[in-house]
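Asker: Just need the structure, nothing else, for what follows:
(chains A and B)
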Amino acid sequence: MADNKFTGTSSYIATDDLTMAVNAAVTLERPILVKGEPGTGKTQLAIEVASSLGKPLHEWHIKSTTKAQQGLYEYDAVARLRDSQLGDDRVHDIANYIVRGKIWEAFESDEQPVLLIDEIDKADIEFPNDLLRELDRMEFYVYETQQLVTAKHRPIIVITSNNEKELPDAFLRRCFFHYIKFPDKDTMSDIVNVHFPNLKKELLAEALNAFYKVRDVRGLKKKPSTSELLDWIKLLLAEDIPAEALRSDDKRSAIPPLYGALLKNEQDVHLFEQLVFLDRRTNPQ
Amino acid sequence: MLLPFFYMLREGGMKTSITEWLALLEAMKRGLAGQSVDDFYYLARTTLVKDESELDRFDRIFGVYFKGIEDSLSDLFQDIPDEWLRAQAELLLTEEERAQIEAMGGFEELMRALQERLEEQDDRHEGGNKWIGTAGTSPFGAHGFNPEGVRIGQQGSRNRSAVKVWDKREYRNLDDSLELGTRNIKVALRRLRKFAREGAADQLDLDDTIDKTARNAGLLDIRMVPERHNAIKVLLCLDVGGSMDDHVRVCEELFSAARSEFKHLEYFYFHNFIYESMWKDNRRRHSEKTPTLDIAHKYGADYKLIFVGDATMSPYEIVYAGGSVEHWNEEPGAVWIKRLLNTYPKAVWLNPEPRERWDYTPSTKLIRELMGDRMYPLTIAGLDDAIRDLH
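Answerer: The predicted structure follows:
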């Protein structure tokens, strides 16, 4: 198992607690539930775990209409009816009309796969309860064909949630839990370095300063997160904005350039502009 | 070996179960925790904590256990823990001591000093004459003697009409019985769902397809129906401010649960009782009011009407014109609620106060009569009954 440890990748910085959580889940073969602010890399985690451990990845994205059954299999009754009309031979075997879901695919995988169940909180409130046995025993029953599907290798299951709905206790007990907290400045500069290796040091320092200042503004509806920061830096580089322009002690340009990438909400932009205006009035140059 | 830690977590209010504990032990057996406390901390956190709101609590318990600090569970909670102030001994003071206490300054002085000490003090205190605790002679704390004493966390006789009860544990009642989480409310509210088919036809109607195919001499005739959606409509009226402040948290939970459960949910706020207008935005309650008549005209009779309020007020506020505490109302509140009840036959009143207390407040009795006894406590069971009533 020694070579089977997740440590982060060349494009993903994982903190110690995150690696521990992932490794514990991998070793004990339990699902891991990942929560955190939007844009802190929850979904990315599953992709990186798969690539770092060299395992195939199955992604199951949940929508508000997704049913637990769809992850297992679906019976295509309409196709069978149609085939019976056309006299197709396939119609005699019901197994021809069973469409496999993502969980089944992962169970059938020849090597241990990584299964991402993305944004589980989007589904109906009973959704997690319908998956308890499947996640626990890693098996399910296909009623149409009287067949028991068991996982060849227990998949590494990464589940993400945005906290839109609370998850039931019975479900939580079966999972390991990790909350990705917002990275501190050091971790953040590591993350930015991974994405923009040639970024000038001063620009990075100034950009981070400005970024954390914006995050500190009270009353923002949606605080900018890591993914917004990365987008913003991309824009700064594309526009070739010098580090000096970001320095906020220059009152005339107290609003960071291209802040549209950081603030995604009209009211936030408005609030921010008002604060800057107030600041300028109280500390005139 | 770590069993004391497990029980400490449970005592500290975490819902760690045996399954989770065994998972942790198994992970340690597999050598995941390595040799360092840091690793163990991360491992324990990922196995035992299931919600980010519990992280902070876990951190503090962990810190206490592993630094070997004893008897400091008290700072686990920012508010004053109950047992800290539990009455341990009753104390009779000598004449001399009484005189000493009376020598302390006036009421204002007392409150200011109390605030200061609450900030300074950080562990349990009993006896003595300065710190806040029980059975002492300090002016602060319960069951002691001080003519100008301030009551803190005293058992029983907590009276709402007392001038000042310095009880920092505002939500103790709710904490103890917080089975009423958002999830529970949602599950209860789900019973109110009534599904109807509307929108695009995208689901196979098997029965109809078989029927039509048979009539079509066996040639397949596929029939589709729209998916079922929740078609329930709810008008939620919430009491805010004043005596409701204690219940804000429960109401917020109800509201956040209700919000995502229904397609049509309209909400309005009122203060104490319903008069000629309500408002949607609490910050602009004085400038942006919606006339109650407009509400009754705009939302059809198929809406279900839910009031949430503690129904605690002076009876004048209900039965007399001009009884409102905030403004001059031309018509009494009772008239307005009758109008609403005439428009919406399906209506209930949810009361966050426990049922036992209802009989002691005349206004609660009055409202119950007005509502035709359709008042329910804001608990899971109460919510269940209320929803059954609405159906």
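
Asker: Check whether B:P226 really touches B:L204, as I assumed.
Answerer: No: B:P226 lies out of contact with B:L204 (CB atoms under 8 Å); the separation is 11.7 Å. Heads up, the C-betas are built off the backbone N, CA and C, glycines and all.

Asker: Show me the strands in the chain, by range?
Answerer: Because you didn't say which chain, this covers chain A. Taking DSSP state E to define them, one finds strands in chain A at A:32-36, A:57-61, A:73-75, A:98-100, A:114-118, A:139-142, A:147-150, A:156-161, A:176-180.

Asker: My question was about chain B, not that one.
Answerer: So, for chain B - with DSSP E - the strands run B:195-204, B:224-230, B:233-239, B:264-270, B:277-279, B:289-291, B:304-308, B:347-351, B:375-377.

Asker: Buried ones in stretch A:87-105, by neighbour count?
Answerer: Buried residues in stretch A:87-105, counted by 16 or more other CB atoms under 10 Å in any protein chain shown: A:V91, A:Y97, A:I98, A:R100, A:G101, A:K102, A:I103, A:W104, A:E105.

Asker: For the third one, list each beta-bridge partner.
Answerer: Beta-bridge partners of A:I98, counted by DSSP bridges, are A:Y75.

Asker: wait, it sits on A:Q69?
Answerer: No: applying CB under 8 Å as the test, A:I98 and A:Q69 come out as separate, 11.8 Å apart.

Asker: what separates B:L390 from chain A, distance-wise?
Answerer: B:L390 is 19 Å from chain A, where distance means CB to the nearest CB, to the nearest Å.

Asker: Quick check: which of the strands of chain B is nearest to chain A?
Answerer: Closest to chain A of the strands of chain B is strand B:195-204 (CB to the nearest CB; 5.7 Å).

Asker: ok, the residue of the stretch 201-350 of chain B found nearest chain A - contacts?
Answerer: As assessed by CB to the nearest CB, chain A sits closest to B:L220 within the stretch 201-350 of chain B, at 4.7 Å. Taking CB atoms under 8 Å, 6 or more residues apart in numbering or on different chains, we find B:L220 in contact with A:L81, A:R82, A:S84, A:Q85, B:T209, B:T213.

Asker: if we go to 6 Å?
Answerer: B:L220 makes contacts with A:L81, A:Q85, B:T213, as judged by CB atoms under 6 Å, 6 or more residues apart in numbering or on different chains.

Asker: Just the pLDDT at A:F140, thanks.
Answerer: pLDDT for A:F140: 91.

Asker: Near it, how many other residues are there?
Answerer: 23 (other CB atoms under 10 Å in any protein chain shown).

Asker: correct me, but it touches A:E134?
Answerer: Yes: between A:F140 and A:E134 there is a contact under CB atoms under 6 Å: 5.1 Å.

Asker: Quick one: the strands of chain A as TSV, columns for distance to B:V308 too.
Answerer: Shown next, in TSV, are these (distance: least, CB to CB, whole Å):
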stretch	distance to B:V308
strand A:32-36	30
strand A:57-61	37
strand A:73-75	42
strand A:98-100	46
strand A:114-118	35
strand A:139-142	42
strand A:147-150	47
strand A:156-161	28
strand A:176-180	32
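
Asker: Cool, thanks, talk later.
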